[in-house]
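Asks: Structure of the sequence below:
(2 chains)
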Amino acid sequence: GENVEQHPSTLSVQEGDSAVIKCTYSDSASNYFPWYKQELGKRPQLIIDIRSNVGEKKDQRIAVTLNKTAKHFSLHITETQPEDSAVYFCAASMTRGAQKLVFGQGTRLTINP
Amino acid sequence: GAVVSQHPSWVICKSGTSVKIECRSLDFQATTMFWYRQFPKQSLMLMATSNEGSKATYEQGVEKDKFLINHASLTLSTLTVTSAHPEDSSFYICSATDVGRHLNTEAFFGQGTRLTVV
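Replies: Numbering: from 1, shown residues only, chains lettered A, B, ... in the order given. Model (predicted):
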């Protein structure tokens, strides 16, 4: 089955700097790659996603890149703010429609004022 | 976006008892829902796929007789943790997708249920 690896497990950056989180996946059939932000005790919130027919997607300060050949995708957050502090999860899906997600291990991002 | 509601948000039960958790899609129909478990400071691990009108599909290592799943309607799936033990204490989250809109769309999560077995 699909396996998603995420790095780093923790990341600390100064406010205003950029943060990058990387994920690799194993199954070339995966075609949907969302990123979630989760605050303590809360549900995961989708922040951005990308499909296998696109190489890059941007939404204000957040961008995701996908390299299908290498089977890896990355989350980029620019101009980080204290409210960006949370745990971020990447995921991969190889099922059309129903979105059965395989998650990475998570990255705890801390933005230092 | 679509709304998925999970109930209860938290529950404390005694060891050996059973607990039922509900997952409802409030404004769309979900033929398929997913149940995840998340231990503290860990990732979400898929437990099972809940299929409306048929048996659930369990991931490897998940005991189907311990985690009973029922998906009796297009808007409700339930997870029952039977004979709960302290090691079952965890955060349980469901998700669903509004496939009626279009394929490969966003998965919506319930707010999660924190189960503590004492």
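
Asks: Would you give the sheet partners of the lowest-mean-pLDDT helix or strand in chain B, along with the direction of each?
Replies: Least confident element among the helices and strands of chain B, by mean pLDDT, DSSP states H and E: strand B:107-109 (a mean of 89). Using DSSP bridges, the strands paired with strand B:107-109 are strand B:90-97 (antiparallel).

Asks: Name the residues that touch the partner strand?
Replies: Contacts with strand B:90-97, where a contact means C-beta atoms under 8 Å, 6 or more residues apart in numbering or on different chains, come from A:41, A:43-44, A:97-99, A:101, B:2, B:4, B:6, B:21, B:23, B:25, B:28, B:30, B:32-40, B:44, B:50, B:77, B:79, B:81, B:105-110, B:112-115. C-betas here are computed from N, CA, C, even on glycine.

Asks: And the residues you listed, which of them are buried?
Replies: A:43-44, A:98-99, A:101, B:2, B:4, B:6, B:21, B:23, B:25, B:28, B:30, B:32-38, B:44, B:50, B:77, B:79, B:81, B:105-110, B:112-113, B:115 (16 or more other C-beta atoms under 10 Å in any protein chain shown).

Asks: List the contacts of residue 37.
Replies: Defaulting to chain A. Counted by C-beta under 8 Å, 6+ apart, A:Lys37 has contacts A:44-45, A:47, A:86-88.

Asks: that's the wrong chain, I wanted chain B
Replies: Contacts of B:Arg37 by C-beta under 8 Å, 6+ apart are B:44-45, B:47, B:90-93.

Asks: For it, name its beta-bridge partners.
Replies: Bridge pairing for B:Arg37 (DSSP bridges) gives the partners B:Met45, B:Tyr92.

Asks: Not counting the least confident helix or strand of chain B itself, show me its contacts.
Replies: Outside strand B:107-109, the residues within contact range by C-beta under 8 Å, 6+ apart are A:34, A:43-44, A:46, A:99, A:101, B:1-4, B:25, B:34, B:93-98.

Asks: do you know how far B:Ser95 is from B:Met33?
Replies: 7 Å (C-beta to C-beta, to the nearest Å).

Asks: again, but for B:Thr75
Replies: Taking C-beta to C-beta, one finds B:Thr75 at 10 Å from B:Met33.

Asks: which neighbours do these two share?
Replies: Contact criterion C-beta under 8 Å, 6+ apart; residues shared by B:Thr75 and B:Met33: B:Ser25.

Asks: need the next SSE after the least confident helix or strand of chain B, C-terminal direction.
Replies: Proceeding N to C from strand B:107-109, the next assigned helix or strand is strand B:113-117, under DSSP states H and E.

Asks: ok, residues contacting that next one?
Replies: A:41, B:6-15, B:19, B:21, B:81, B:84-93.

Asks: now for the host helix or strand of A:Val87, which elements pack on it?
Replies: Applying DSSP H and E as the criterion places A:Val87 in strand A:86-93. Judged by 3 or more C-beta pairs under 8 Å, 6 or more residues apart in numbering or on different chains; DSSP states H and E, strand A:86-93 is in contact with strand A:4-7, strand A:19-25, strand A:32-38, strand A:72-77, strand A:101-103, strand A:107-112.
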